[in-house]
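Novice: heads up, no residue letters with this:
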């Protein structure tokens with residue numbers, strides 16, 4: 001069963017257990033994320049670890065500067081995809097309590113094959129190199145610009 005890491009001692013032990021996997025994801029992410037940044041986010045409780053079996057996801061609530069909406073950003077995900085996806089509803093429930101309208105992550109275009117059945121789509125306005133912003137609005141949340149007559 002997926003669980004959120006809630007206390008300092010558990011966070012230290014969990015981070016230690018998953019540190020090599022976290023560092024590997026940071027290394028292949030090819031962005032400016034550092035281990036220090038992740039640790040600061042966890043320490044300040046701006047990011048939260050979710051674990052299931054030998055899999056981990058580190059998520060945080062972010063604010064879209066273009067419209068002020070809140071999103072649940074998956075910063076780190078490592079391990080078995082089925083373990084990570086098993087926690088989708090728990091993370092969604094947590095994120096909604098923090099005002100998030102959806103979930104997003106940066107990934108390769110090929111990831112959409114696995115994530116499309118879960119409602120994810122590629123946000124084609126935000127892409128860099130070979131990675132894309134993949135987003136999914138939470139059930140019951142309709143984006144403001146979701147005009148049925150708008151071809152975009």
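Specialist: On my side now, so go ahead. Remember, predicted model here, so these are calculated numbers, not experimental data.
Novice: and the strand or helix carrying residue 105, how far out from the chain's middle?
Specialist: Take DSSP states H and E as the rule and residue 105 turns out to sit in strand 100-108. With Cα atoms, centre = their mean, to the nearest Å as the basis, strand 100-108 stands 6 Å off its chain's centre.
Novice: now what about stretch 29-47, what contacts it?
Specialist: Here stretch 29-47 makes contact (Cβ atoms under 8 Å, 6 or more residues apart in numbering) with 11, 15, 22-23, 26, 48-49, 58-61, 75-76, 106, 129, 131. Any C-beta I mention is one placed from the backbone N, CA and C, and that applies to glycine too.
Novice: Now compare those and name the two farthest from each other.
Specialist: Based on Cβ to Cβ, the longest span within those runs between 11 and 129 and measures 32.4 Å.
Novice: So for those two, which residue has more residues nearby?
Specialist: Remark: of residue 11 and residue 129, residue 11 carries more neighbours, 17 against 7, as counted by other Cβ atoms under 10 Å.
Novice: one step back: the contacts of stretch 29-47 in strands, which ones?
Specialist: Counting by DSSP state E, those place 48-49, 58-61, 75-76, 106, 131 in strands.
Novice: any chance of these in TSV, plus neighbour count, pLDDT and distance to residue 30?
Specialist: Formatted as TSV, the ones in strands among the contacts of stretch 29-47 follow (neighbours: other Cβ atoms under 10 Å; pLDDT from 0 to 100; distance: Cβ to Cβ, whole Å):
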residue	neighbour count	pLDDT	distance to residue 30
48	22	95	24
49	22	96	22
58	23	96	17
59	24	95	20
60	20	95	19
61	17	95	24
75	24	92	14
76	22	93	14
106	18	85	10
131	17	74	8
